[in-house]
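Asker: structure for the following, please:
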Amino acid sequence: MQKIINYISIVEEALKATAQKKEPFTLYEPITYTLSLGGKRIRPALLLLANNLFDGKDEDALNSALAIEVFHNFTLVHDDIMDDAPLRRGQESVYKKWGTNVAILSGDVMLMQALQLLNKKNHPHLHSMLNMFNATAIQVCEGQQMDMDFETSTTVSIDDYLRMIELKTAVLLACSLKMGAVIANASSDNASHIYEFGKNLGIAFQLMDDVLDLYGNPKKVGKRVGGDVIANKKTYLLLKAQELAVGKTKKDLDFCLSSSVLEDTAKVEKVTSIFNKLNIKKLAIDEMNLFYNTAISHLDSIDAATEKKQVFEDFAKNLMKREN
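Answerer: Below is the predicted model:
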């Protein structure tokens, strides 16, 4: 993990160096503010790590890593508007601090800055990198739209949900890894395997997040237990329960989802009881392990030094080793 930590530090310092004091100040200040709020910086660090896996040079990949991080933060600025979220990483979100119009414009500039960063290093794979980046950006938007559509849809399937989290969350992680590999001149097979490693790991991570929302220790997970249940959010757990529930169990679950008088605590307790009866937690963990094991199989298939691949396996294990 030390290698990833080192790359995170490199990304952090490089982001600070990109801060711009330009006019109009009200357009650029929110960008500097957003990038200063922190974050795990995992995606850019993994891009650099993937580049290193195939013996690439850090300096050839740094701007692309920054492009990924700026793009990711752009999506958060706009997501906060759509979600009406007042806080981001414990601080006021951009739209709350400066207003919706400023947040939209500053976010738009961040998207353009990401493309500028990607275009900054004139390497032989620039055309394919731009195509990959643009395709991924569109997929992330598709995933976000699917997630919003799910709020009012009554026909969401588990396959729909898995596709949504693949697009909204997993493909950007996968793209980061593949871009790092491409910059280092990895073979097409190796680049595909590192992409699939990231995609499947991203889906597994989100499934684990679904489980921990209800079954995790709130002090260790860092959020209220049962938030997804209270919001009737269509997670893997709920969709699987709706698929399996019959008779009285189905009626009880439908009541919990539709009742306007049921208090939050009681709702969480009742839904948890139904999930336990249907063995939903185990089924979700089994599904998570399926994607995790698929990710590891793709990692194993990469033609690279074993000790270098071990860093990725250690990262994957650490990512999935969350408290419950």
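Asker: low-scoring stretches of the stretch 1-150 of the chain, by residue?
Answerer: 121-122 (pLDDT under 70).
Asker: let's see that with 50 instead.
Answerer: Per-residue confidence for the stretch 1-150 of the chain (pLDDT under 50) gives no ranges below the cut-off.
Asker: tell me where it has strands.
Answerer: 87-88, 91-92 (DSSP state E, counting those that start in this stretch).
Asker: rebuild those strands as a markdown table, extending it with mean neighbour count and distance to Asp210.
Answerer: Heads up, the C-betas are built off the backbone N, CA and C, glycines and all. Output for the strands of the stretch 1-150 of the chain, formatted as a markdown table (neighbours: other CB atoms under 10 Å; distance: least, CB to CB, whole Å):
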| stretch | mean neighbour count | distance to Asp210 |
| --- | --- | --- |
| strand 87-88 | 16 | 22 |
| strand 91-92 | 14 | 26 |
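Asker: remind me, longest helix of the protein?
Answerer: As far as residue count goes, and with DSSP state H defining each element, the longest helix of the chain is helix 188-215.
Asker: pLDDT on that helix, on average?
Answerer: Computed over helix 188-215, the mean pLDDT rounds to 97.
Asker: so who does the residue nearest to Ser157 when sequence neighbours are not counted touch?
Answerer: Counting by CB to CB, 6 or more residues apart in numbering, Leu239 is the residue found nearest to Ser157 once chain neighbours are left out, at 7.1 Å. Residues near Leu239 by CB atoms under 8 Å, 6 or more residues apart in numbering: 156-158, 161.
Asker: show only the entries of the residues you listed found in strands.
Answerer: Taking DSSP state E, every one of these sits outside strands.
Asker: quick one: which of those residues sit in helices?
Answerer: Filtering these for helices - DSSP H - leaves 158, 161.
Asker: would you format the strands of the stretch 1-150 of the chain as JSON lines with distance to His123 included?
Answerer: As requested, these are exported to JSON lines (distance: least, CB to CB, whole Å):
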{"stretch": "strand 87-88", "distance to His123": "33"}
{"stretch": "strand 91-92", "distance to His123": "36"}
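Asker: tell me which of those strands sits nearest to Glu59.
Answerer: Ranking those by their distance to Glu59 (criterion: CB to CB) puts strand 87-88 first, at 30.9 Å.
Asker: highest neighbour count among the contacts of Leu239?
Answerer: Tyr161 (22 neighbours; other CB atoms under 10 Å).
Asker: do you know how far the nearest residue to it once chain neighbours are set aside is from Ala181?
Answerer: Nearest in space to Tyr161, with sequence neighbours left out and distances taken as CB to CB, 6+ apart, is Leu239 at 5.6 Å. When CB to CB, to the nearest Å is applied, the distance between Leu239 and Ala181 equals 34 Å.
Asker: then Ile10?
Answerer: Counting by CB to CB - Ile10 and Ala181 are separated by 18 Å.
Asker: between those two, who's got more neighbours?
Answerer: Set side by side, Ile10 and Ala181 show more neighbours around Ala181, with 27 against 17, by other CB under 10 Å.
Asker: which element is the more buried one on?
Answerer: helix 171-183 (DSSP states H and E).
Asker: other SSEs contacting that helix?
Answerer: For helix 171-183, the contact count by 3 or more CB pairs under 8 Å, 6 or more residues apart in numbering; DSSP states H and E identifies helix 42-53, helix 58-83, helix 126-150, helix 188-215 as packing neighbours.
Asker: take these and lay them out in CSV including distance to Ala245 and mean neighbour count.
Answerer: Formatted as CSV, the entries for the helices and strands packed on helix 171-183 read as follows, by distance: least, CB to CB, whole Å; neighbours: other CB atoms under 10 Å:
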stretch, distance to Ala245, mean neighbour count
helix 42-53, 36, 25
helix 58-83, 29, 21
helix 126-150, 19, 16
helix 188-215, 16, 22
